[in-house]
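S.K.: What follows is a predicted protein model with its sequence.
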Amino acid sequence: MNNRLSPQIVVADTSAIVRCGMAAVLRRIPNLDVHPVEVSSCELLNRFLQTHTPDLVIVNPTFGGWFHPAASKESSRKEDVKYMALVCSVIDSNALKAYDEQISICDDTETIADKIARLLHSETEETKENDTETLSQREKEIVTCVVKGMTNKAIADKLFLSIHTIITHRRNIARKLQIHSPAGLTIYAIVNKLVELQDIKDNL
């Protein structure tokens, strides 16, 4: 399997120099095939998150006065998006706990690449796992529900989630597995022992 990551990454900062500089660093990272999306305001970031589900948002904690990852996740309903703080000045360490990871404007490319790879659960030659490990436990539950013939609404009710969240999870599952049909998911689920054949025979 190819080790090369192709995540969608957003770089958010009011400073054009910081945004462009960070984007340039990302494009130089080996094994990272990325075309960063640069946003200069909270309004543009919110608008982008309404229609896209990036893998990672790299954002200055002082973006828009003070940026709150939890509030952004709630308003956009994109629970799976990771947020990485881009520290450009002295910041209270407690404030950085809200982020999934942090990098400094002074970090070298290798450090940044390592943190991004760990955050996005990069697969390396030494730690290759079965493809099923690329799915979160929640995503595995949703795959199981889909192959059992459940609708998005039924899955949402069962897992106490919104239909919007289920749709987002299904989109992420399709992207991760490159499987875009229930039949394909059924084969995947059986091969990876997420379900037993007898559990879905009525839906075949």
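M.R.: Everything's here; your move. Numbering: from 1, shown residues only.
S.K.: which other residues reach stretch 84-103?
M.R.: Counting by Cβ atoms under 8 Å, 6 or more residues apart in numbering, the neighbours of stretch 84-103 from elsewhere in the structure are 11, 13, 15, 18, 22, 56-62, 68-70, 82-83, 104-105, 111-112, 115-116, 118-119. (Glycine included, C-beta is placed from N, CA and C.)
S.K.: Check the offset of the helix ranked longest in the chain from the chain's centre.
M.R.: Identified as the longest helix of the chain according to DSSP state H is helix 163-177. Averaging C-alpha coordinates over helix 163-177 and over its chain gives two centres that are 11 Å apart (Cα atoms, centre = their mean, to the nearest Å).
S.K.: so what's the most centrally placed residue in the chain closest to, chain neighbours aside?
M.R.: For the chain, the residue lying nearest the average C-alpha position, counting by Cα atoms, centre = their mean, turns out to be residue 55 (3.1 Å). Here the nearest residue to residue 55 in space, its sequence neighbours aside, is residue 7; by Cβ to Cβ, 6 or more residues apart in numbering that works out to 3.8 Å.
S.K.: Could you spell out which stretches of the protein belong to which domain?
M.R.: 9-119, 131-203 (automatic domain parsing).
S.K.: measure the first one end to end?
M.R.: Put plainly, it is domain 9-119. Distance between the two ends of domain 9-119: 12 Å, counting by Cα to Cα, to the nearest Å.
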